[in-house]
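Here is a sequence with its predicted model. Questions after.
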Amino acid sequence: MGDCLMANVRTIPPIPVPPGSFEARRNQYYSTKILKELLDGVPQDALKLLGVTDKDLCIPILTYVFGEAQVGGTAAVVSIARLRQEHYGMEPDRPLLLERLRKESLHELGHTFGLVHCPSRECVMYLSNTVVDVDTRGRDFCMACRMVVASNTATERRG
Amino acid sequence: MEKKVNIMVVDDEEIVRASLTGWLEEDGYHVEAVESGRKALERLPARNWDLMLVDLKMPGMDGIQLMDEVHKTSPDMLVIIMTAYATVDTAVKAMKKGAYDYFVKPFNPDDISLTIRKIVDHHKLVQENLFLRKELKKQYKLRDMISKNEKMLEIFELARTVAKSSSTVLIQGESGTGKELLARAIHDESPRMDAPFISVSCASLTETLLESELFGHEKGAFTGATVLNRGKLELAQDGTLFLDEIGDISLKLQMDLLRVLEQREFRRVGGSELIPINSRIIAATNRDLAAAIAEERFRADLYYRLNVISIHIPPLRERREDIPLLVDHFIEKFNIEMGKEIRGISEGAVRILMGNDWPGNARELRNVIERAVVVAKGNIVTEPDISLPSATSDANHRTKSLEEIEKAHIQVVLNGNQWNIVRSAHALGIDRVTLYNKIKKFGLKKEGAAPKE
């Protein structure tokens, strides 16, 4: 994933999911609240912070989300809950799960670099509301989106 | 670059506004979120909104009331109603009232994506349609003139052909039909376009003034002529001289003008030098020159000189199909001039305009639209914005004599003063005896009173 973003990637110790993000009525977690928590935990030397959780995420107006990011911000969150084959009553498939997680992570981080959804199906920034969308879209940025990421990375590093 | 789609979110819950805005922004839309119907109406004129996502239950104005208000000024606005409580009744009510769609919170992300995608495609089609309509309109246009009337299109064609030559043109037509516009168009389409277009209104000047205005004068030609003054004929050199209301010039000037047209040269007033002219002359009149010739008020030889190419512009009432076209044209023009964003005109308002006779022709229509654009509250012109001078709806008005108007006016003043003769005479600025005489002369009677005989 670091190759696509032209950045080094490292893992930091887990951050607990904020209890206030749990929505008992829906048995889901508000991703916006988790995102807020992540924003407070961005290490000084990091450009972006990506949180990965197994909790099922939602926002008040949507039944679920795969993840959420601040467009042009510093943090993003993705959930593996609905990327798992088990969620759809199928046999677990670890390589497929990792591939989906990789695409979703890149997609949400793409938003933090200022990208919005891309009309090209070949691009990882193509809008996906279902795992079928996730599986069919490309695994890297298209040329245009890559240029935006590159130029924003350069600016942010200087800043 | 493609224009961003503008979406307004109206919801009283902060968390809904924030999450919906964030989610839509990820999709590249311009989103603005407000917390109430009142705020939404305030923000409405700020942008060309493509879509509104409106919460059904809000304190104060609810979603359907807001949609009603919005549709009063922007009937084409696409509104999606959102609600947390799904009842068939409210859904049906919202859709019947003109909502584009109805969503129950929380929505399936795929549903809303698809709906907005559909709206964006629709938006693109509308934009494309507008573009194509503009392209099509170009064919109906000659510079600033616009029409789809067959006669007018023939005139445009003729004007384009005539423009290439230097022939004298006589344009006839009622006032306000666009005679000067046509003359300018001929000039702008001609090889003379870079030289001046000089317009003279012959009716507005006295004979001697007009003479000096046209031919200019030498220093000392008459009292007050302290400097040499070049006339319009000289100023129009290489260009076009437009003589408006040519039917109103005196017989003497007609003869002078005839000489200029025949000899293609003239002298300044008080001068001896012959100055050659090479400008194209376009004359115009709203009078019936043939009748004026019969009454010996207009020289036949001048008429034939001017009438090399004759163009008669039909009055607006004979080409009513142009009214909607002209209305759009004027709205566009005044939008630019006044910095407004009027998108169009309601059907009812068009019907009023189509029903009028327009004695003042396109110019009158332009004035009515100018006023409408000023007073229009929303982004479309509606019936109350249209104000027609009441006299124009009276078809006989143009043939009314001064006496008839005097009679009608005295009757109005008398009625207004309950037939009090002293007060009425005072209001009319005449004495009592004169008023009595006029009452008798016109046979005026107190309304509701039995005739005396």
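Perfect, I can see it now.

pretty sure A:F113 contacts A:A154?
No: A:F113 is not in contact with A:A154 according to Cβ atoms under 8 Å; the separation is 10.9 Å. All C-beta spots, glycine's among them, are computed from the backbone N, C-alpha and C.

how about B:G247, what does it touch?
B:285-287, B:289, B:292, B:298 (Cβ atoms under 8 Å, 6 or more residues apart in numbering or on different chains).

separation between B:R184 and chain A?
B:R184 is 47 Å from chain A, where distance means Cβ to the nearest Cβ, to the nearest Å.

so that residue, which of the three states?
In three-state terms, and counting by DSSP: H, G, I helix; E, B strand; the rest coil, B:R184 is helix.

Tell me what the residue nearest to it when sequence neighbours are not counted is bridged to.
Excluding the flanking residues, the one nearest B:R184 by Cβ to Cβ, 6 or more residues apart in numbering or on different chains is B:F197, at 5.9 Å. On the basis of DSSP bridges, B:F197 is bridged to B:T240.

I'd like the distance between B:F197 and chain A.
From B:F197 over to chain A (counting by Cβ to the nearest Cβ), the distance is 50 Å.

Now the closest residue to chain B within chain A. Its backbone dihedrals?
Nearest residue of chain A to chain B (Cβ to the nearest Cβ) works out as A:V116 at 3.4 Å. Backbone torsions of A:V116, given as degrees, to the nearest 10, read phi -110, psi 180.

I figured B:D248 hits B:C202, correct?
Yes: proximity of B:D248 to B:C202 meets the contact threshold set by Cβ under 8 Å, at 5.3 Å.

So which residues on chain A come close to chain B?
Contacts of chain A with chain B, taken as Cβ under 8 Å from any Cβ of the partner chain, map to A:26, A:32, A:58-65, A:68-71, A:111, A:116-117, A:127, A:129-130.

CA-only coordinates of the one helix or strand B:Q411 maps to in CSV, if you can.
Using DSSP states H and E, B:Q411 sits in helix B:402-416. C-alpha atoms of helix B:402-416 as CSV (Å, rounded to 0.1, in the frame of the first residue of the first chain):
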residue,chain,number,x,y,z
LEU,B,402,-58.4,64.3,-27.8
GLU,B,403,-62.1,65.1,-27.3
GLU,B,404,-62.9,61.6,-26.3
ILE,B,405,-60.1,61.6,-23.8
GLU,B,406,-61.2,65.0,-22.5
LYS,B,407,-64.7,63.7,-22.1
ALA,B,408,-63.6,60.6,-20.2
HIS,B,409,-61.3,62.5,-18.0
ILE,B,410,-64.0,65.1,-17.0
GLN,B,411,-66.4,62.2,-16.2
VAL,B,412,-63.8,60.6,-14.0
VAL,B,413,-63.1,63.9,-12.1
LEU,B,414,-66.8,64.6,-11.7
ASN,B,415,-67.5,61.1,-10.3
GLY,B,416,-64.5,61.4,-8.0
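
which secondary element of chain B has the worst mean pLDDT?
Using mean pLDDT, DSSP states H and E, the weakest-scoring helix or strand in chain B turns out to be helix B:390-393, at a mean of 48.

Quick one: the helices in chain A, in order.
Applying DSSP state H to chain A gives helices spanning A:2-5, A:31-40, A:94-112, A:131-136, A:143-158.

Those: lowest mean pLDDT?
When the helices of chain A are compared on average pLDDT, helix A:2-5 comes out lowest at a mean of 77.

ok, residues contacting it?
Residues contacting helix A:2-5 (Cβ under 8 Å, 6+ apart): A:8-9, A:106, A:109, A:113, A:124, A:140-141, A:146, A:149, A:153.

Buried only: go through the residues you listed for me.
Buried members of those, scored by 16 or more other Cβ atoms under 10 Å in any protein chain shown, are A:106, A:109, A:113, A:124, A:140-141, A:146, A:149, A:153.

returning to what we had before: and the residues of chain A next to chain B, which of them are buried?
By 16+ other Cβ under 10 Å, the residues of chain A next to chain B give A:32, A:58-62, A:64-65, A:68-71, A:111, A:116-117, A:127, A:129 as buried.

Of the residues you listed, which belong to strands?
A:58-59, A:62, A:64-65, A:68-69 (DSSP state E).

what residues are up against the closest residue to B:K438 other than its chain neighbours?
Leaving aside its chain neighbours, B:K438 sits nearest to B:I410 (5.8 Å; criterion: Cβ to Cβ, 6+ apart). Neighbouring residues of B:I410 by Cβ under 8 Å, 6+ apart: B:424, B:428, B:435, B:438-439, B:442, B:444.

So which of the residues you listed belong to helices?
Counting by DSSP H, the contacts of B:I410 place B:424, B:428, B:435, B:438-439, B:442 in helices.

who's in contact with B:S166?
Counted by Cβ under 8 Å, 6+ apart, B:S166 has contacts B:278, B:280.

B:D301: what secondary structure?
Assignment for B:D301 (three-state DSSP): helix.

interface residues of the stretch 351-453 of chain B facing chain A?
Counting by Cβ under 8 Å from any Cβ, no residue of the stretch 351-453 of chain B is near chain A.

By proximity to chain A, which residue of the stretch 351-453 of chain B wins?
Nearest residue of the stretch 351-453 of chain B to chain A, counting by Cβ to the nearest Cβ: B:N379, 27.9 Å away.

Number of residues surrounding the residue in the stretch 151-300 of chain B positioned nearest to chain A?
Ranked by Cβ to the nearest Cβ, the top residue of the stretch 151-300 of chain B for proximity to chain A is B:L153, at 42.4 Å. With neighbours defined by other Cβ atoms under 10 Å in any protein chain shown, the count for B:L153 comes to 14.
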